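Student: just to be clear, the model below is a prediction. Sequence and coordinates:
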Amino acid sequence: MSDPAVAVRHATKRFDDVLAVDDVSFEVAHGSTVALLGGNGAGKTTTIAMLLGLLLPTRGEIEIFGVDMIRERYRVLPRMNFSSPYVDLPKRLTVAENLRVYGQLYGVRRLGARLREVAEALDIGALLKRRYGELSSGQKTRVTLAKALLNEPELLLLDEPTASLDPDTADWVRSYLERYRDRSGATLLLASHNMTEVERMCDQVLMMRAGRLVDRGTPQELLERYGRKNMEEVFIDIARERLAPAARAAGRGRK
Amino acid sequence: MKAVQAAAPRFGSLRRIGALVLRHLYLLRGSWPRVLELMYWPTVQMILWGFITIFLVGNSSWVAQASGVLISAVLLWDVLFRGQLGVSLVFLEELWSRNLGQLFVSPLRPWELVAALVTMSLIRTLIGVGGAALVAIPLFDYSVFDIGLPLIAFFVNLIVMGWSIGLLVSGLVLRHGLGAEGLAWFVVFALQPVTGVYYPIDILPEWLQSVAFFLPSSHVFTGMRAVLFEQVFRADLLLNAVVLNVAYLAAGIAIFLYYFRVARIRGQLLHVGE
């Protein structure tokens, strides 16, 4: 893979006695959609936080668009964005105020026009004057997504983008993200527990367990490797340490 | 780079500082109780000390020499307190709304956050203490603005000292979590007895006078009394306060940035406030 959008080399994060991420290396190609999968505590959120520059790795290197995220993250942050249902926007500000503040933080040009564009695309025009804290989960997800798309990011990191959404809203969000990716050529990296979402959206899957990257491949490759019908069964196999022989061998080789 | 994206400025951006200030102005605009709260305590304190002044003018020759000394003292003390509180509360607001994670995945730099915090502190202090100072004019026939140009020097030194303590408190809250937020309300009061707000430093025990020397505020309040009692502006005291404040502010910023880096190592930017 040449000139990847994301390159992670031997990233390790230790919190006191806990090894949250253990020597993880991977690359993400431009324009691809990659899922970071694993059970609770597998190290997905820690990995995403390191990619965003919110967390300094104990060891290893992270490059985004060829820029060293540990030392020069301000060069690349304007080209990225992030959305998570677990990271709020200020609740007492209206949706329009929040988007204006973040638009200005990202240095979005022609902000007024861009706000109208994003509001229309995500169908949040009717919410603009309402306080963020008064919105339902589905509405908040659309607003945080609007915030994440304000600067038309070339790399969008999503932490469980459809968590706590009803199936209809979740499907709408996935369709929107697919359209955005296809239209803009952006790279998407998402952590998810929803295997239907992963099968539908992702070109590549990175499987994590106990802080380690234990397997990877396209959804189809993983289904074949584990002899399963769907990604949910693959997920359970990996979570319960029933790794495919090739992944086990790779794990042994690393020790 | 896309058409909507601006190039990242090399060192920092006034626009991003402005964005963060705007975020807190929206908060003030959307809540009149917040604006009222800014003026409430400075005004109540000023009224209390105004009546004490009326009483003491007939019973104390010291106060009678300069009847505005206590009102000026309480208003200037509030510049220090509100300056500190402004920085700490605006920072706490980001923690309460769990907004730090969103802020720092944007191109916002830590020093830009510091600049926004002190700007908001200035705005909040001007509203709070300025309001109380204006109320004192009709109520007690006393205008702190009669101090003239030295008032600007006193104001600047006290608010800068407040910012330094506010940044220290914000750093400690970032490091130890919201359990430490109480520091924002009481830490500055530990300095009040030593700083000579309402009485000359000379009455303190000698060892405490040495402590007071290292507080910029004690030089300001001594200078204030020199202006009010002797109509003399003491440039030497101002210089002491300025030199100390440069050191205080540098230490405040350095400590805050240090704890910010620690937060990036410990993963607190995503989780603090939860």
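Tutor: Looks like it arrived, so ask away.
Student: with adjacent residues omitted, what lies nearest to residue 83?
Tutor: Since no chain was named, I'll use chain A. Closest residue to A:Ser83 in three dimensions, ignoring its sequence neighbours and counting by C-beta to C-beta, 6 or more residues apart in numbering or on different chains: A:Ala148, at 3.8 Å. Glycine gets a C-beta too; all of them are placed from N, C-alpha and C.
Student: nope, chain B please
Tutor: Using C-beta to C-beta, 6+ apart, the closest residue to B:Gly83 is B:Gly162 (2.4 Å).
Student: and that neighbour, what does it touch?
Tutor: With contacts defined as C-beta atoms under 8 Å, 6 or more residues apart in numbering or on different chains, the neighbours of B:Gly162 are B:79-87, B:121, B:125, B:188.
Student: among these, which lie within helices?
Tutor: Among these, DSSP state H puts B:79-87, B:121, B:125 in helices.
Student: for these, which two are the farthest from each other?
Tutor: Largest separation among the ones in helices among the contacts of B:Gly162 by C-beta to C-beta: B:Val79 and B:Val87, giving 13.0 Å.
Student: related to what we said a few turns ago, format the contacts of B:Gly162 as a markdown table; extra columns: pLDDT and neighbour count.
Tutor: Shown next, in a markdown table, are the contacts of B:Gly162 (pLDDT from 0 to 100; neighbours: other C-beta atoms under 10 Å in any protein chain shown):
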| residue | pLDDT | neighbour count |
| --- | --- | --- |
| B:Val79 | 97 | 27 |
| B:Leu80 | 97 | 31 |
| B:Phe81 | 97 | 24 |
| B:Arg82 | 96 | 28 |
| B:Gly83 | 97 | 28 |
| B:Gln84 | 97 | 30 |
| B:Leu85 | 96 | 25 |
| B:Gly86 | 96 | 28 |
| B:Val87 | 97 | 32 |
| B:Ser121 | 97 | 25 |
| B:Thr125 | 97 | 26 |
| B:Val188 | 93 | 24 |
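Student: off-centre distance for stretch A:80-95?
Tutor: Centre-to-centre, stretch A:80-95 and its host chain are 15 Å apart (C-alpha atoms, centre = their mean, to the nearest Å).
Student: go through that stretch and flag the buried ones.
Tutor: Across stretch A:80-95, burial judged by 16 or more other C-beta atoms under 10 Å in any protein chain shown covers A:80-85, A:87-95.
Student: follow-up on the earlier one: wouldn't the residue nearest to A:Ser83 be in contact with A:Met80 here?
Tutor: No - with contact defined as C-beta atoms under 8 Å, A:Ala148 does not reach A:Met80; the gap is 9.4 Å.
Student: count of neighbours near B:Phe51?
Tutor: Number of residues near B:Phe51 (other C-beta atoms under 10 Å in any protein chain shown) recorded here: 11.
Student: ok, it to chain A distance?
Tutor: Taking C-beta to the nearest C-beta, to the nearest Å as the measure, B:Phe51 falls 37 Å from chain A.
Student: now the helices: where do they sit in chain A?
Tutor: For chain A, applying DSSP H gives helices covering A:44-52, A:73-76, A:95-105, A:111-121, A:137-149, A:167-184, A:195-201, A:219-226, A:231-239, A:245-254.
Student: to A:Met208, which of those lies closest?
Tutor: Taking C-beta to C-beta, helix A:44-52 is the member of these nearest to A:Met208, at 5.9 Å.
Student: what does the stretch 51-200 of chain B put close to chain A?
Tutor: Contact residues (C-beta under 8 Å from any C-beta of the partner chain) of the stretch 51-200 of chain B with chain A: B:93, B:97-99, B:101-109.
Student: run the last query once more with 10 Å
Tutor: B:93-94, B:96-109, B:112 (C-beta under 10 Å from any C-beta of the partner chain).
Student: buried subset of the residues you listed?
Tutor: Buried members of these, scored by 16+ other C-beta under 10 Å, are B:93-94, B:97-109, B:112.
Student: so where's the chain shaky on pLDDT?
Tutor: No chain in the question, so chain A it is. A:1-2, A:245-255 (pLDDT under 70).
Student: that answer is for a different chain, and I need it for chain B
Tutor: B:1-11, B:272-274.
Student: okay, helices next: where are they in it?
Tutor: Using DSSP H, helices in chain B cover B:14-29, B:32-57, B:61-65, B:69-96, B:100-105, B:110-140, B:149-176, B:183-186, B:192-195, B:206-213, B:216-230, B:235-266, B:268-271.
Student: my guess is the residue nearest to A:Ser83 meets A:Leu157, correct?
Tutor: Yes - the criterion here is C-beta atoms under 10 Å, and A:Ala148 meets it with A:Leu157 at 8.5 Å.
Student: could I have stretch B:27-45 exported to PDB, CA atoms only?
Tutor: Extracted in PDB, the C-alpha atoms of stretch B:27-45 (Å, rounded to 0.1, in the frame of the first residue of the first chain):
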ATOM      1  CA  LEU B  27     -23.800  31.100  27.000                       C
ATOM      2  CA  LEU B  28     -24.100  34.500  28.800                       C
ATOM      3  CA  ARG B  29     -26.500  35.800  26.200                       C
ATOM      4  CA  GLY B  30     -28.800  32.800  26.600                       C
ATOM      5  CA  SER B  31     -29.100  33.100  30.400                       C
ATOM      6  CA  TRP B  32     -29.900  36.400  32.200                       C
ATOM      7  CA  PRO B  33     -29.400  34.700  35.600                       C
ATOM      8  CA  ARG B  34     -25.700  34.100  34.700                       C
ATOM      9  CA  VAL B  35     -25.300  37.900  33.900                       C
ATOM     10  CA  LEU B  36     -27.100  38.800  37.100                       C
ATOM     11  CA  GLU B  37     -24.900  36.400  39.100                       C
ATOM     12  CA  LEU B  38     -21.800  38.200  37.700                       C
ATOM     13  CA  MET B  39     -22.900  41.400  39.300                       C
ATOM     14  CA  TYR B  40     -24.700  40.100  42.300                       C
ATOM     15  CA  TRP B  41     -21.800  39.400  44.800                       C
ATOM     16  CA  PRO B  42     -19.600  42.300  43.900                       C
ATOM     17  CA  THR B  43     -22.600  44.600  44.400                       C
ATOM     18  CA  VAL B  44     -23.700  43.000  47.700                       C
ATOM     19  CA  GLN B  45     -20.100  43.200  49.000                       C
END
